[in-house]
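Enquirer: I need the structure of the sequence given here:
(2 chains)
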Amino acid sequence: AQSVTQLGSHVSVSEGALVLLRCNYSSSVPPYLFWYVQYPNQGLQLLLKYTTGATLVKGINGFEAEFKKSETSFHLTKPSAHMSDAAEYFCAVSVARGTSYGKLTFGQGTILTVHP
Amino acid sequence: KAGVTQTPRYLIKTRGQQVTLSCSPISGHRSVSWYQQTPGQGLQFLFEYFSETQRNKGNFPGRFSGRQFSNSRSEMNVSTLELGDSALYLCASSLEGLAGGEQYFGPGTRLTVL
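Expert: Numbering: from 1, shown residues only, chains lettered A, B, ... in the order given. Have a look, this model is predicted:
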């Protein structure tokens, strides 16, 4: 079975600083990896995803993530944080198996706080 | 194109009651997945429906059930509510429900069980 671990339940950065949110996955087959963001009282919004091909994936709002198979990681970064980036971020995995229809396995989430 | 809609947005029920939540997917999407989000357990997969058939199910008791209609709208039912069922219930739609496909989430229904 696949699993996701997000290191750090809370991350705090200053406005303009680098954002780094860590995600490690476990999967016995090649994974598909996702980052979602959730603002208060809202659903989840897809930031970016990795399926195949280029390992550096660019998403919305200036975020990007790099798939590193050797490290089983898919860390999310943004060069310069903005106040509007404050939210909870979830890393998720799915795999191409017959029993995986419609199923994402999520990490526990990381709350990002951005200080002025 | 309209997004995923969920009704109602908020519900308050008492223990032992039952509840039905509704989800309308994005037009053209045939797969609907349901998730439960709680502070303690995080986001957990409940089940997925495609063309009116349940194709996948998470580790939840039989009190949690669902169905999908021919227009892809889906409902989720929880019977004999328990305090621990208090959660945000999210539905997500996708074209085919395949791994690697993008899931689009609704705003959720917040259920409070007293």
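
Enquirer: wait, isn't B:Ser93 in contact with B:Val4?
Expert: Yes - in terms of C-beta atoms under 8 Å, B:Ser93 counts as a neighbour of B:Val4; the distance is 5.2 Å. From N, CA and C alone the C-beta is placed, and that goes for glycine too.

Enquirer: what do those two both touch?
Expert: Common neighbours of B:Ser93 and B:Val4, using C-beta atoms under 8 Å, 6 or more residues apart in numbering or on different chains, are B:23, B:25-26, B:104, B:106.

Enquirer: show me which residues of chain B are close to chain A?
Expert: Residues of chain B lying near chain A by C-beta under 8 Å from any C-beta of the partner chain: B:4, B:31-33, B:35, B:42-45, B:48-50, B:55-56, B:58, B:90, B:92, B:94, B:97-100, B:102-108.

Enquirer: how about a cut-off of 6 Å?
Expert: B:31, B:33, B:42-43, B:45, B:48, B:55-56, B:90, B:97, B:99-100, B:102, B:105-108 (C-beta under 6 Å from any C-beta of the partner chain).

Enquirer: so where's chain A uncertain?
Expert: Within chain A, the set of residues satisfying pLDDT under 70 comprises A:98.

Enquirer: that one against chain B: which residues are in contact?
Expert: Residues of chain A lying close to chain B (C-beta under 6 Å from any C-beta) are A:32, A:42-44, A:46, A:51, A:94-96, A:100-103, A:106, A:108.

Enquirer: scan these and report the most crowded one.
Expert: Of all the residues of chain A next to chain B, A:Leu44 has the most neighbours under the rule other C-beta atoms under 10 Å in any protein chain shown, reaching 28 neighbours.

Enquirer: quick one: contacts for it?
Expert: A:Leu44 makes contacts with A:36, A:38, B:105, as judged by C-beta atoms under 6 Å, 6 or more residues apart in numbering or on different chains.

Enquirer: cool, A:Val4 as well?
Expert: Here A:Val4 is in contact with A:25, A:91, A:93, A:105, A:107 (C-beta under 6 Å, 6+ apart).

Enquirer: surely the fourth one meets A:Thr5?
Expert: Same thing as A:Thr105. No - with contact defined as C-beta atoms under 6 Å, A:Thr105 does not count as touching A:Thr5 (11.0 Å).

Enquirer: of the two, give the one with the bigger neighbour count.
Expert: Shown here are A:Thr105 and A:Thr5; by other C-beta under 10 Å, A:Thr105 has more neighbours (22 against 14).

Enquirer: how close does the more buried one sit to B:Leu114?
Expert: To B:Leu114, A:Thr105 is 31 Å away according to C-beta to C-beta, to the nearest Å.

Enquirer: do A:Glu64 as well
Expert: When A:Glu64 is compared with B:Leu114 (using C-beta to C-beta), they lie 44 Å apart.

Enquirer: then B:Glu52?
Expert: Using C-beta to C-beta, we find B:Glu52 at a distance of 34 Å from B:Leu114.

Enquirer: B:Gln37: neighbouring residues, count only.
Expert: As a burial measure, B:Gln37 scores 20 neighbours (other C-beta under 10 Å).

Enquirer: and it, what helix or strand is that in?
Expert: strand B:31-38 (DSSP states H and E).
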